[in-house]
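Engineer: A structural model of the following input is requested.
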Amino acid sequence: MQLRQMAVAFLLNEHREVLFLQKKSDSAFLPGQLVPIGGHMEKDEISEPERACRREIQEETGLAEHALAGLELRYIVHRIKDESEIRIQYIFIGEVQAGSRLMESEEGRLMWVDCGNVMNQQVTASTKEVMGHYLETGIHNHKTYIGTMHGVQGQAAMSWAVLEDWESRGSL
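Structural biologist: From the prediction side, this is the model:
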């Protein structure tokens, strides 16, 4: 079984919109779908998902460090794909400073989508699960959540837990 790690960002603006990349229709990976900004981690980034995420943000949007605020790891999602690959996705949430200029890449077109309308878009099941959880729960705190994708009656579902250092919390 192979292991694939990705780092992505849900970048929000002052209008409660999230930035997505609409993949080209001839893309080998998720053609035509809206995906969060980000992608696969390089070998030298495996122990530094935030570095990978920031690199992907710059490559796909042209946004520099000063255009981002509050970028933090909020979700880690696990799933098995085609019974041959374990995918681990590090999901960061941050804000784009007002007036920041975006530059599109050859990967697709950038689009702002109202947070409340993400569920009605052509996005992956994991994107729907993360955004749904964030809007219900995650927006109210700064915790990091672990999600495991699974199926329930043929539909995608996610089981959530808070990632915490139980030893430092006196839970022994």
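Engineer: drop to CA atoms for contacts and neighbour counts, all remaining ones
Structural biologist: OK.
Engineer: quick one, phi psi at Arg41?
Structural biologist: Heads up, residue 41 is Met, not Arg. phi -80, psi 140 (degrees, to the nearest 10).
Engineer: and the closest residue to it other than its chain neighbours, what element?
Structural biologist: Among residues not flanking Met41 along the chain, Met6 sits closest, at 5.2 Å (C-alpha to C-alpha, 6 or more residues apart in numbering). Using DSSP states H and E, Met6 sits in strand 2-12.
Engineer: Check which helices and strands that strand sits against.
Structural biologist: Strand 2-12 sits against strand 17-23, strand 34-40, helix 49-61, strand 85-96, with contacts defined as 3 or more C-alpha pairs under 8 Å, 6 or more residues apart in numbering; DSSP states H and E.
Engineer: now it, how far from the centre of its chain.
Structural biologist: Chain-centre distance of strand 2-12: 5 Å, with C-alpha atoms, centre = their mean, to the nearest Å.
Engineer: Report the buried residues of that strand.
Structural biologist: Of the residues in strand 2-12, those with enough neighbours to count as buried (16 or more other C-alpha atoms under 10 Å) are 5-12.
Engineer: rewinding a little: right, and the helices and strands packed on strand 2-12 - which one's nearest Asn120?
Structural biologist: Each of the helices and strands packed on strand 2-12 was scored for nearness to Asn120 using C-alpha to C-alpha, and the closest is strand 34-40 (11.1 Å).
Engineer: Perfect, I'm done here.
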